[in-house]
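1. After the sequence you'll find the predicted model.
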2 protein chains.
Amino acid sequence: MITVALAKGALLKDSVSRFAKAGLDFSNLLDKGNRQLMVPSACGRAKAILVRNGDVPVYVAYGQAQLGVVGYDVLREHQLPVAHLVDLGFGGCRMAVAVKDTSAYKSASDLPPHCRVASKFTHCARSFFNQLDLPVELVHLTGSVELGPITGMAEAIVDLVATGRTLRDNGLVAIEELFYSTARLVGNPLALRLDHGDLQRIIDSIRSNDHPNNFSS
Amino acid sequence: MITVALAKGALLKDSVSRFAKAGLDFSNLLDKGNRQLMVPSACGRAKAILVRNGDVPVYVAYGQAQLGVVGYDVLREHQLPVAHLVDLGFGGCRMAVAVKDTSAYKSASDLPPHCRVASKFTHCARSFFNQLDLPVELVHLTGSVELGPITGMAEAIVDLVATGRTLRDNGLVAIEELFYSTARLVGNPLALRLDHGDLQRIIDSIRSNDHPNNFSS
């Protein structure tokens, strides 16, 4: 049986709709009353596990799920061995460096060496500042990263920006983009190699559903 | 001005009540409509920042908050340089090893070498299994750790157990306890050393509020 790992939260609705078009109906997951973490598809041929964003690549990498949908930001941050299959196009947001809107910094390279930068995505931030050859002290936070500059703990943050409203509400402004992130269909490499066609049919069907930037097309 | 870092979630209500007895009223934080992450105390002498559990020791260690309330589990996991001041007694839960209730393992040392163990608390788990001299492969998850054994990804989990209901609902059973965790009042070491009495009065007042296991008494 095929198992699909889906992320709770913002990506769930579109993920369910894309799998529905590929013939796997997990709409039970969208019921507000649903508390189950594992639900069968309506056809009974597959099941979905509902996990946190960051855990999707873990279940796919270990082969507990053959397919998964997760933001590119998570894939960049955790670097787990999963195959990137399709850029699904939805869930678009930017990984950006942001500072106080009263600050004089207009780009990341304006930041003073050894300043503190708060982020949930310290791996992404580390590699960005390394490429910039700017040594910074990264402070790992798990939520509300915008409090870093507000409390004076950090000069800047590296965080996901969708509409920009959270930044504005907190008097912050994005000054540089690290990369653009969208939802991706990922797969377990071994499962893909051993596949007799079932997985490939689902992948093809999801891929044919628009969006230009498919990796294997 | 004194800044206090408080954790969102289960510990918040009791934390606010303990600070209220010490003369700092942060009850605004308990309003369901509150969306502010930083609120002044009713007296105006202090402010509270509302952050995620794991971020409390970060703000205290960096000195953005002089005091904070956080679970001992987080302190054990993140090992940041904060002073442990008072065991507040509430928020009690056990860090435990759990397995499927159909499993034959009766204690952690029954687990097979090199088996997989899923946890949000991989640092705590690592040091526990090291002491046991049992090599295991730790799988870091960020939520719903009980899915580890259910999906067959992990033989066991290391997780916080309060009532035990989540374990039971998922067909798991705790077989060994790593440690017992309660909420702790922590402080920034430098702020405590430079204190002219203001912080100490708050600490003393919170400490005098019962509970036997105070570290400095």
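-> Sure, I can see it.

2. Report the beta-bridge partners for the spatially most central residue of chain A.
-> Per Cα atoms, centre = their mean, the C-alpha nearest to the average position across chain A is that of A:Gly71, at 2.1 Å. Taking DSSP bridges as the rule, A:Gly71 bridges to A:Ala183.

3. so what's it up against?
-> A:Ala7, A:Leu11, A:Asn53, A:Gly91, A:Cys93, A:Ser181, A:Thr182, A:Ala183, A:Arg184 (Cβ atoms under 8 Å, 6 or more residues apart in numbering or on different chains). For the C-beta atoms, the positions are set from N, CA and C on the backbone; glycine is no exception.

4. Return the closest of the residues you listed with respect to chain B.
-> A:Asn53 (7.8 Å; Cβ to the nearest Cβ).

5. Quick check: residues of chain A near chain B?
-> Residues of chain A lying close to chain B by Cβ under 8 Å from any Cβ of the partner chain are A:3, A:37-38, A:49-55, A:58-59, A:62, A:64-65, A:116, A:139-144, A:147, A:150-153.

6. what about A:Leu111, how many neighbours?
-> Look at A:Leu111: counted by other Cβ atoms under 10 Å in any protein chain shown, it has 22 neighbours.

7. Sorry, wrong one. I was asking about A:Pro81.
-> 11.

8. Where does it sit: helix, strand or coil?
-> coil (DSSP: H, G, I helix; E, B strand; the rest coil).

9. residues touching the closest residue to it other than its chain neighbours, list them.
-> Distances taken as Cβ to Cβ, 6 or more residues apart in numbering or on different chains put A:Ala61 closest to A:Pro81, at 5.4 Å, once the chain neighbours are dropped. Neighbouring residues of A:Ala61 by Cβ under 8 Å, 6+ apart: A:Leu80, A:Pro81, A:Val82, A:Asn188.

10. Distance of A:Ala61 relative to B:Ala162?
-> Using Cβ to Cβ, to the nearest Å, one gets 30 Å for the distance from A:Ala61 to B:Ala162.

11. cool, A:Pro112 as well?
-> 45 Å.

12. what separates A:Gly33 from chain B, distance-wise?
-> 16 Å (Cβ to the nearest Cβ, to the nearest Å).

13. how near is that residue to A:Phe26?
-> 15 Å.

14. neighbour count winner among those two?
-> Each of A:Gly33 and A:Phe26 has its neighbours counted (other Cβ under 10 Å); A:Phe26 has more, 22 against 6.

15. Quick check, pLDDT for the residue lying closest to that one once chain neighbours are set aside.
-> Closest residue to A:Phe26 apart from its sequence neighbours, by Cβ to Cβ, 6+ apart: A:Ala48 at 4.5 Å. You'll see A:Ala48 listed with a pLDDT of 95.

16. who's in contact with the helix or strand where A:Ala48 lies?
-> Assigning secondary structure by DSSP states H and E places A:Ala48 in strand A:46-51. For strand A:46-51, contacts defined as Cβ under 8 Å, 6+ apart pick out A:1-8, A:12, A:19, A:24, A:26, A:29, A:36-41, A:59, A:64-65, B:141, B:143-144, B:147, B:151.

17. tell me the domain ranges of chain A?
-> Residue ranges for the domains of chain A, per automatic domain parsing: A:2-91+A:182-208, A:93-180.

18. I'd say A:His84 and A:Ala183 touch.
-> No. Between A:His84 and A:Ala183 there is no contact under Cβ atoms under 8 Å: 11.4 Å.

19. Settle it for me: which of those two has more neighbours?
-> Between A:His84 and A:Ala183, counted using other Cβ under 10 Å, the more crowded position is A:Ala183 (24 against 14).

20. List the residues that contact the more buried one.
-> Residues in contact with A:Ala183 (Cβ under 8 Å, 6+ apart) are A:Leu11, A:Asp14, A:Ser15, A:Val69, A:Val70, A:Gly71, A:Tyr72, A:Asp87, A:Leu88, A:Gly89, A:Phe90, A:Gly91.

21. Would you show me how to pick out the buried ones of the residues you listed in ChimeraX?
-> Taking 16 or more other Cβ atoms under 10 Å in any protein chain shown as the burial criterion, the selection of buried members of the contacts of A:Ala183 in ChimeraX is written as:
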select /A:11,15,69,70,71,72,87,88,89,90,91
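
22. Show me the contacts of A:Ala183 that map onto strands.
-> A:Val69, A:Val70, A:Gly71, A:Asp87 (DSSP state E).
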